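In: no FASTA, just this:
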């Protein structure tokens, strides 16, 4: 006898010896299962090929050259990321970084062979260690901002949006402009666009409107959730079983970003 589950997988009748193992585990999961089912995978916004794409559970939805979102959380620290191989541009290229730091101070504990023990003295973190195609000095190890946004058309879940260094000045100026009117990012709808003059996907930001009153409380709770803490890579928030640390209020982070 066999039955089919919701995923369409045929499951044979479970024999007695497997039932005994299930009972003995008492709900504990195997490392193999956890590596696929659990972990820190979450929805994300991709900017590949200058198109905004929503990726969730392996399904990619191409939105286009603009995407309306609401910022709900931002890591107060500037993070670092270093790839020792050039990006191929292939959608299937998921090569991991050779080194990264979520707090911009020390390499992540998962890095077996970090370039340096600290970001401040890392040779890849020195301005001029890399030259951009247009001849400007840059760094081999890139600066990024981990943010969490919610698509305004469906404000039901947070998505990871990584802000590259090329867009960080624009984000800072945009947040400053909002603050001049007494606004904070989680109160407004922001349109993510692309700079038409750039030869690469450079994110730009434009104020479109305001968050409906009925969504404000939900979005505030979402911004303080354990899932969002994982998305913005807060220290100690990478293990779902552990309680996430309190997220700094986005209003306070705005001051850091806008400085």
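Out: The structure has been received and is ready for your questions. Since this is a predicted model, take the numbers as computed values, not measurements. Numbers count the residues shown, from 1 in each chain.
In: other SSEs contacting the top strand by length along the chain?
Out: Longest strand in the chain, counting residues (DSSP state E): strand 142-151. Packing contacts for strand 142-151, counted by 3 or more CB pairs under 8 Å, 6 or more residues apart in numbering; DSSP states H and E, involve strand 67-74, strand 79-82, strand 159-164, helix 165-180, helix 213-223, helix 226-231. C-beta: built from backbone N, CA, C; applies to glycine.
In: any idea which of these is most buried?
Out: Of the helices and strands packed on strand 142-151, the one with the most neighbours on average (mean count of other CB atoms under 10 Å) is strand 67-74, at a mean of 25.
In: give me the sheet partners of the longest strand of the chain and which way each runs.
Out: For strand 142-151, the pairing partners within the sheet under DSSP bridges are strand 67-74 (antiparallel), strand 79-82 (antiparallel), strand 159-164 (antiparallel).
In: name the residues of the helix or strand following the second one that are buried.
Out: Put plainly, it is strand 79-82. Downstream of strand 79-82, the first helix or strand assigned by DSSP states H and E is strand 99-101. Within strand 99-101, the residues that qualify as buried are 99-101, counting by 16 or more other CB atoms under 10 Å.
In: avg pLDDT for strand 99-101?
Out: Per-residue pLDDT over strand 99-101 has a mean of 93.
In: for the helix or strand following that strand, packing partners?
Out: Under the assignment DSSP H and E, the closest C-terminal helix or strand after strand 99-101 is strand 130-131. Packing contacts for strand 130-131, counted by 3+ CB pairs under 8 Å, 6+ apart, involve strand 137-138.
In: against which helices or strands is the strand it packs on packed?
Out: In this structure, strand 137-138 makes packing contacts with strand 130-131, judged by 3+ CB pairs under 8 Å, 6+ apart.
In: so what strands line up beside the strand it packs on?
Out: Sheet pairing for strand 130-131, assigned by DSSP bridges, gives strand 137-138 (antiparallel).
In: contacts for the strand it pairs with?
Out: Here strand 137-138 makes contact (CB atoms under 8 Å, 6 or more residues apart in numbering) with 127-132, 165.
In: can you put those in a markdown table and add pLDDT?
Out: A markdown table is the format used below for the contacts of strand 137-138 (pLDDT from 0 to 100):
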| residue | pLDDT |
| --- | --- |
| 127 | 89 |
| 128 | 86 |
| 129 | 90 |
| 130 | 86 |
| 131 | 81 |
| 132 | 76 |
| 165 | 92 |
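In: looking at these, which one is closest to residue 235?
Out: Nearest to residue 235 out of the contacts of strand 137-138 is residue 165 (CB to CB; 21.7 Å).
In: residues touching the nearest residue to the closest one once chain neighbours are set aside, list them.
Out: Among residues not flanking residue 165 along the chain, residue 143 sits closest, at 4.3 Å (CB to CB, 6 or more residues apart in numbering). Shown in contact with residue 143 (CB under 8 Å, 6+ apart): 78-80, 104, 165, 168.
In: just the pLDDT for residue 250.
Out: pLDDT, read off for residue 250, is 54.
In: could you do residue 7 as well?
Out: Listed pLDDT for residue 7 reads 50.
In: likewise for the one 5 residues further on?
Out: The score at residue 12 is 61. That number is its pLDDT.
In: output the lowest mean pLDDT helix or strand found in the protein.
Out: Using mean pLDDT, DSSP states H and E, the weakest-scoring helix or strand in the chain turns out to be strand 2-4, at a mean of 46.
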